[in-house]
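# Give me a 3D structure for the following:
(one chain, ligands or ions: 1)
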Amino acid sequence: MQSVRLHEVALRDGLQNEAKVLSVAQKRSILDSLIAAGFRDIEVTSFVRPRMIPQLSDASEMVAALPQVEGVRFWALVPNQVGLERSLDAGVQNIATFMSSSETHNKKNVNRTIVESLASLEAVTRTAVAHGQRVRAYISTVFGCPYEGDVDPASTLRIARALLDAGASELSLGDTTGVANPLQVQSVLRYLEAEGIPMDVIAAHFHDTRGTALANVLAAWQCGVRVFDGAVAGVGGCPYAPGAAGNVGSEDLVNLFEQMGVETGVSLEGACHAGQVVETHLGRPLPSRYHQFWQTSQQAEDTLLEAKGA
Ligand code: MG
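Below you'll find the model as predicted:
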């Protein structure tokens with residue numbers, strides 16, 4: 001049977017864009033529901049400067065509280081050398097770095113040029129790998145930039161090559177503002193593959209800002225991509241990309257692949273439950289399509305039970 005791997009980002013990418021700051025206990029209950037649902041790659045926090053993202057300022061505490069679960073990998077975002085050292089001190093085994101393939105977005109996001117970011121992240125990656133960490137590299141704005149518009153795929157290629165050479169094992173290509181379309185996704189992926197980037201190191205990170213995320217997921221899958229990022233209930237966007245809505249819902253991914261007969265290893269019901277836990281803690285309605293569908297059908301069931309006097 002065909003299968004894909006889902007990379008769950010609700011606790012990191014999701015929560016970092018929320019106004020409400022959750023406690024470690026609340027995050028832990030989200031984490032437990034994600035593990036119970038069957039997610040095996042879960043991004044749990046970020047070692048950016050605590051002042052920058054107060055939502056994730058409890059990174060070390062979160063990592064210290066992680067359970068040991070067979071077959072589950074926990075990931076933490078690392079922005080630079082300082083973040084890397086904090087992650088190593090905390091005993092993190094899997095880290096994710098990030099930079100943008102658009103010069104302006106990178107500058108606004110991390111106040112560095114692409115060349116400066118790349119030099120720093122190559123060093124971070126080499127050190128991390130030397131310490132036995134696995135490194136995933138996020139490349140954002142691959143399919144368009146809120147400041148520059150079109151982004152040259154050659155920029156993505158240069159970054160991809162350099163970070164793979166430095167030892168990254170996975171590249172997550174991000175559609176930061178949800179502007180990608182399926183034909184563009186295929187054209188960028190085919191270009192990268194023709195230039196020697198194998199599809200088995202690529203992950204796709206789509207946002208559903210304009211309702212095109214699942215179409216883009218399918219396009220990437222048809223090109224051979226087998227790792228997809230998602231956040232339960234579609235929580236999270238990008239604070240530096242005006243108007244960017246949430247990540248594609250993990251429930252939407254599970255449902256899509258399940259319907260196509262492609263295994264995800266994740267229970268759809270379990271993912272829906274995890275999405276509900278996130279929504280309850282945040283106290284605001286969350287956007288993913290399947291999350292909303294599931295809630296509506298739960299309510300309909302409750303109403304039916306009430307009518308029957310159950
Ligand atoms: Mg995202």
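# all contacts plus neighbour counts: C-alpha atoms, from now on.
Noted.
# Low-confidence ranges, the stretch 101-250 of the chain, go.
Flagging of the stretch 101-250 of the chain using pLDDT under 70 yields the residue ranges 237-245.
# what about the helices in it?
103-110, 114-130, 153-166, 182-194, 213-222, 250-259 (DSSP state H, counting those that start in this stretch).
# what angle sits between the third one and helix 103-110?
So that's helix 153-166. 50 degrees (axes from the mean of the first three to the mean of the last three C-alpha atoms, to 10 degrees).
# In helix 153-166, which residues are buried?
For helix 153-166, the neighbour count (16 or more other C-alpha atoms under 10 Å) marks Pro153, Thr156, Leu157, Ile159, Ala160, Arg161, Leu163, Leu164, Ala166 as buried.
# Next, the angle from it to helix 182-194.
Going by the same axes, to 10 degrees, helix 153-166 makes 50 degrees with helix 182-194.
# Packing partners of helix 153-166?
Packing partners of helix 153-166 (3 or more C-alpha pairs under 8 Å, 6 or more residues apart in numbering; DSSP states H and E): helix 114-130, strand 134-140, helix 182-194.
# cool, the first one as well?
Using 3+ C-alpha pairs under 8 Å, 6+ apart as the contact definition, the elements that helix 103-110 packs against are strand 94-100, helix 114-130.
# One more pass at 6 Å, please.
Taking 3 or more C-alpha pairs under 6 Å, 6 or more residues apart in numbering; DSSP states H and E as the contact definition, helix 103-110 has no neighbouring helices or strands.
# how about it: buried residues?
So, applying 16+ other C-alpha under 10 Å, buried residues of helix 103-110: Glu103, Thr104, His105, Asn106, Lys107, Asn109, Val110.
# about what we covered before: closest one to Leu31 among the helices of the stretch 101-250 of the chain?
helix 250-259 (13.9 Å; C-alpha to C-alpha).
# export whichever helix or strand comes after the closest one as CSV, just CAs?
Scanning forward in sequence from helix 250-259 by DSSP states H and E, the next helix or strand is helix 268-282. Output of helix 268-282 as CSV, limited to C-alpha atoms (Å, rounded to 0.1, in the frame of the first residue of the first chain):
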residue,chain,number,x,y,z
LEU,A,268,-8.9,10.6,11.2
GLU,A,269,-11.1,10.6,14.3
GLY,A,270,-8.0,11.0,16.5
ALA,A,271,-6.8,14.0,14.4
CYS,A,272,-10.2,15.6,14.7
HIS,A,273,-10.1,15.1,18.4
ALA,A,274,-6.7,16.7,18.6
GLY,A,275,-8.0,19.7,16.6
GLN,A,276,-10.8,20.0,19.1
VAL,A,277,-8.4,20.1,22.0
VAL,A,278,-6.4,22.9,20.3
GLU,A,279,-9.6,24.9,19.6
THR,A,280,-10.8,24.4,23.2
HIS,A,281,-7.5,25.7,24.6
LEU,A,282,-7.4,28.7,22.2
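# What is the neighbour count of Glu148?
Look at Glu148: counted by other C-alpha atoms under 10 Å, it has 12 neighbours.
# Please apply the same query to Ala25.
Around Ala25 there are 11 residues (other C-alpha under 10 Å).
# what does Ala65 give?
So Ala65, with other C-alpha under 10 Å, has 12 neighbours.
# Distance check, the closest residue to it other than its chain neighbours against Ser187.
Leaving aside its sequence neighbours, Ala65 sits nearest to Arg28 (C-alpha to C-alpha, 6 or more residues apart in numbering; 7.9 Å). Computed as C-alpha to C-alpha, to the nearest Å, the Arg28 to Ser187 distance reads 40 Å.
# These two: which is more packed in?
Per other C-alpha under 10 Å, whichever of Arg28 and Ser187 has more neighbours is Arg28, with 18 against 15.
# Okay, and the more buried one sits in which element?
helix 24-37.
# That helix: what's the following helix or strand?
That would be, after helix 24-37 and using DSSP H and E, strand 41-46.
# Can I take it that Arg51 is in a helix?
No - counting by DSSP: H, G, I helix; E, B strand; the rest coil, Arg51 is not found in a helix; it is coil.
# now the residue lying closest to Gly230 once chain neighbours are set aside: how far from Ile30?
Excluding the flanking residues, the one nearest Gly230 by C-alpha to C-alpha, 6+ apart is Ser250, at 4.6 Å. Distance, Ser250 to Ile30, using C-alpha to C-alpha: 14 Å.
# Buried ones in the longest helix along the chain, by neighbour count?
Using DSSP state H to define each element, the chain has its longest helix at helix 289-307. By neighbour count on 16+ other C-alpha under 10 Å, the buried set for helix 289-307 is Arg289, Tyr290, His291, Gln292, Trp294.
# and if you look at stretch 50-68?
Ile53, Gln55, Leu56, Ser57, Asp58, Ala59, Ser60, Met62, Val63.
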